[in-house]
Each structure stands twice: as C-alpha cells, then as structure tokens.
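J.: sequence first, predicted model second:
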Amino acid sequence: MNVSLEVSEYIAVVRLNKPPVNALDRATRQRLIDVFDEVSERADIRVAILTGTGKYFCSGADLKDRPDPEKPGDFLGHNRLTRETGNAIRECAKPVIAAVNGPALGAGFGLMAACDIFLASEDASFAMPEINVGLAGGVSMLRTMFGRSFTRRMFFTGMRVPAAELYRRGVLDEVLPPDELLPAALRLAQEMASKSPLALAYAKQAANMMDLMPQRDGYRFEQNITMALSKTDDAKEARQAFLEKRQPVYKGR
C-alpha cells in the first residue's frame, strides 16, 4: 500500500511507501486524505506521525500523473485533490508530527508544512522546484515559514535548502541523525499522548484557529475552550492526580 497506518499506544505512524521517492499521484493523495480522516475519528489515536519509507520523505507531485489540460475538469479535479491532501493533515483533529527522513520537495515540502511540529533527519533537504519544470506553486506555503526575501528566493530559483539551514532559521524544531529521527518523534508523541485526549484535541483546534484570528478574538476563543474543558471528568482527574502526585487516568470525557 502506498500509505500505511500503524497504531500503538494511542500513536499513529503514517508512512509514505511509494518507491523509489514517494511521489504523490492521485491515488496516494486520496489514500493520505482517507488515512488522516480515519486518524481524526479513531478514539484509540491521540497523536500522529507522518514519515517516509526509504531515502526520501516525498519528492513532490508525480510528473507521470499530471492532469490533462485538454480534458475539461481534469485540472480542477486534480487541484482540488491537491488542496485537500494538505487540508486533511492540517485539519486533522489530532496533532501531527512530521518526521522528515529525507528530501521534501514541492508538494512533499507542503506535506510537512501541513503538520504541527517539524522534526527532520540530517539527510533532509527542502525545495519548491516547480520553477525548474516550467511551473509555479507553493509561495502561499513558503510565506508562512520564511521572510519576504528568502520566500521569493526559494520560489524563483527552486534552490534546495539543507535541514541545518531550516533549523538555523527557526523552521525545524529538531534535526537529528537518521537513526534517531523516528525514536525522537515517538518520544515526543508519547509525551503528547499522555495528556487528556479532550484537551489535546481542543488544543489542536485552538492552534489552528489562532492562525486565522486576531489576538484579542483568539484569546477569547481559548478562554471559552478552557471554560468548557474545566467541566470535564478529564480535567477533574488531572487536578486530582496532580494533588495526589500520581499519573492521571483519562477517560476522554
């Protein structure tokens, strides 16, 4: 299967598995959408990790599966599927950690950008190379990560940037040796999964909304969430466990 899903101890590991470079064709995009929709609804999943199999995270769009400009509606359908691939990750009800194991190019870079937390291997590199094949796309994503000049430099040249440079610029949270990447992602996922599942899901919703709302409105939105959470059994359990100096046992209600 071109995208696999493994679940253990409230953590889902989603792997791109389309040799040799995990390129995104329509079937792979649809599978990603289906997988992250499943992750959103499964009570036995609290956190997801997105990674790749082999030496690549994702090389981007599969150029062998381009839409046919002579077929009415084909481009619009392709573009809709492309948008929804990222949206399924961005709007996933659970936090998603990107564990970028190799090059993340074009739409592959976009997959990482749709996640919540970015970890990468020292082998990883990043680019928006559409300009190199006569196309243009991705500046809306780049501008969320970089300043005006560097965004345009990457966009206009297709330059490939190593993980160390993205770490220096504050984009990546951690850069690790290849064999330490997934263990580090799993440790972070385990820490997050130990929290109240209700609070974690609301935290993801709040973080997404803060990208869209003015600070004053956003803070009020968060306060409303806190009021709602304070009345849940999980919140009461968290407070009681803190007072009793023990690990909380959450029931998701």
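T.: That came in fine, so what should we check first?

J.: what are the phi and psi values for the nearest residue to Ala127 once chain neighbours are set aside?
T.: When the adjacent residues along the chain are set aside, Ala127 lies closest to Arg160, with 4.2 Å between them (Cβ to Cβ, 6 or more residues apart in numbering). Just so you know, the C-beta spots here come from the backbone N, C-alpha and C atoms, and that holds for glycine as well. Backbone torsions for Arg160, taken as degrees, to the nearest 10, come to phi -100, psi 130.

J.: repeat that for Ser4.
T.: As for Ser4, its main-chain torsions (degrees, to the nearest 10) stand at phi -110, psi 160.

J.: then Val96?
T.: Recorded main-chain torsions at Val96 are phi -120, psi 120, according to degrees, to the nearest 10.

J.: and it, how far from Met210?
T.: Distance from Val96 to Met210, counting by Cβ to Cβ, to the nearest Å: 16 Å.

J.: quote the end-to-end distance of stretch 50-68.
T.: 30 Å (Cα to Cα, to the nearest Å).

J.: what of stretch 172-180?
T.: From the first residue to the last, stretch 172-180 extends over 15 Å; the measure is Cα to Cα.

J.: for it, report the contacting residues that lie outside it.
T.: Among residues not part of stretch 172-180, those counted as contacts by Cβ atoms under 8 Å, 6 or more residues apart in numbering are 101, 117-124, 163-164, 166-167, 184.

J.: before we move on, what about stretch 103-111?
T.: By Cβ under 8 Å, 6+ apart, the residues outside stretch 103-111 that reach it are 21-22, 24, 32, 50, 55-61, 82, 85-86, 89, 98, 112, 120, 124-130, 137-138, 141, 160.

J.: now that Thr85 has come up, it's in contact with Leu32, right?
T.: Yes. Shown here, Thr85 and Leu32 form a contact pair, counting by Cβ atoms under 8 Å, at 5.4 Å.

J.: any common contacting residues for these two?
T.: Shared contacts of Thr85 and Leu32, defined by Cβ under 8 Å, 6+ apart, are found at Leu24, Leu111.

J.: ok, Val175 to Ala12 distance?
T.: 23 Å.

J.: who has more neighbours, those two?
T.: Between Val175 and Ala12, counted using other Cβ atoms under 10 Å, Ala12 has the larger neighbour count: 25 against 21.

J.: and the helix or strand hosting the more buried one, which strands flank it?
T.: Ala12 is located in strand 11-16, with elements delineated by DSSP states H and E. Each strand pairing with strand 11-16, determined using DSSP bridges, is listed with its direction: strand 3-8 (antiparallel), strand 47-52 (parallel).

J.: centroid-nearest residue for the protein?
T.: Note on the chain: the residue nearest the mean C-alpha position is Cys115, at 1.7 Å, using Cα atoms, centre = their mean.

J.: you'd agree Phe118 is in a strand?
T.: Yes. Secondary structure of Phe118, determined by DSSP: H, G, I helix; E, B strand; the rest coil: located in a strand.

J.: quick check, nearest of the contacts of stretch 172-180 to Leu76?
T.: Distance from Leu76 was checked for each of these by Cβ to Cβ. The minimum falls on Phe118, at 30.6 Å.

J.: now for Met1, how many residues are close by?
T.: Other residues within reach of Met1 by the criterion other Cβ under 10 Å amount to 10.

J.: my guess is it meets Arg31, correct?
T.: Yes. In terms of Cβ under 8 Å, Met1 counts as a neighbour of Arg31; the distance is 7.2 Å.

J.: in the stretch 51-200 of the chain, which spans are strands?
T.: For the stretch 51-200 of the chain, the strands defined by DSSP state E, counting those that start in this stretch cover 96-100, 104-105, 117-121, 125-127, 161-162, 174-176.

J.: and the fourth one, what does it pack against?
T.: Counting contacts by 3 or more Cβ pairs under 8 Å, 6 or more residues apart in numbering; DSSP states H and E, strand 125-127 is packed against strand 104-105, helix 107-114, strand 161-162, helix 163-168.
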